[in-house]
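Enquirer: Have a look at this prediction, sequence included:
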Amino acid sequence: MKLKSLVAASLVAFASLGAQAASAAFSDTVTEWNAHDLHESSGLKIVDSSTLFFSQFNFTLSTESFVSSNVSAFNINSGSYSIFKADGSETGHSWTFGAAQGLEHLVTLGPGSYYFSVAGKTNGSSGIYALSSAATAVPVPEPETYALLLAGLGVVGFVARRRKQA
């Protein structure tokens, strides 16, 4: 959770750069998704005028999965969203977004506990963002697939050898 403190500290430092930002409030929310369903969504989050915000979305994966995520935003400056392993054992993935933008990213994650963080500041009036994510288990080949592959290679070898002898 050192990263959360670091992000919060950098956002507070960013707020002190301008007179308007110096009076900004800081909103902090944590949402528990628990076991990541096929599709998860934060819904629309409305952020007040000139407010720095940091939201965290916790989830777990039971198997290695493809995780697709998307942030849509309106009227938000210097926004960023990241995905991190909760125990800090892996380097996270981070992306930035601007005033009226939607981003989509795909990463492969192993089993474990993770969290998304979304942070930024509004453009002087209220801003809106939404985070959605989909998780699909990585397909594991069945033993029959390998058996079929070996049988096919055997047939190709047999035909090649037969042509060489003829």
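Expert: Looks like it arrived, so ask away. Bear in mind the structure is a predicted one, so any value in this text is a computation, not a measurement.

Enquirer: any idea of the mean pLDDT for the helix ranked longest in the chain?
Expert: Longest helix in the chain by number of residues, with DSSP state H as the criterion: helix 143-165. For helix 143-165, the mean pLDDT works out to 89.

Enquirer: now do stretch 69-84
Expert: If you average the per-residue pLDDT over stretch 69-84, you get 83.

Enquirer: returning to what we had before: and the longest helix of the chain, what's buried?
Expert: By neighbour count with 16 or more other CB atoms under 10 Å, helix 143-165 contains no buried residues. (Each C-beta comes from the backbone N, C-alpha and C, glycine too.)

Enquirer: Show me what counts as buried in stretch 75-82.
Expert: Across stretch 75-82, burial judged by 16+ other CB under 10 Å covers 75-76, 79-82.

Enquirer: Quick check: what element follows the helix or strand bottoming out on mean pLDDT in the chain along the chain?
Expert: Averaged element by element with mean pLDDT, DSSP states H and E, the chain has its least confident helix or strand at helix 19-22 (a mean of 30). From helix 19-22 onward toward the C-terminus, using DSSP states H and E, the following helix or strand is strand 26-35.

Enquirer: could you dump that following strand to PDB, C-alpha only?
Expert: Output of strand 26-35 as PDB, limited to C-alpha atoms (Å, rounded to 0.1, in the frame of the first residue of the first chain):
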ATOM      1  CA  PHE A  26      -9.400  15.200  -1.800                       C
ATOM      2  CA  SER A  27     -11.800  12.300  -2.300                       C
ATOM      3  CA  ASP A  28     -10.800   8.800  -1.600                       C
ATOM      4  CA  THR A  29     -13.000   5.700  -2.200                       C
ATOM      5  CA  VAL A  30     -12.300   2.000  -2.100                       C
ATOM      6  CA  THR A  31     -14.600  -0.500  -3.800                       C
ATOM      7  CA  GLU A  32     -14.500  -4.200  -3.200                       C
ATOM      8  CA  TRP A  33     -15.200  -6.300  -6.300                       C
ATOM      9  CA  ASN A  34     -14.000  -9.500  -4.500                       C
ATOM     10  CA  ALA A  35     -13.800 -12.400  -7.000                       C
END
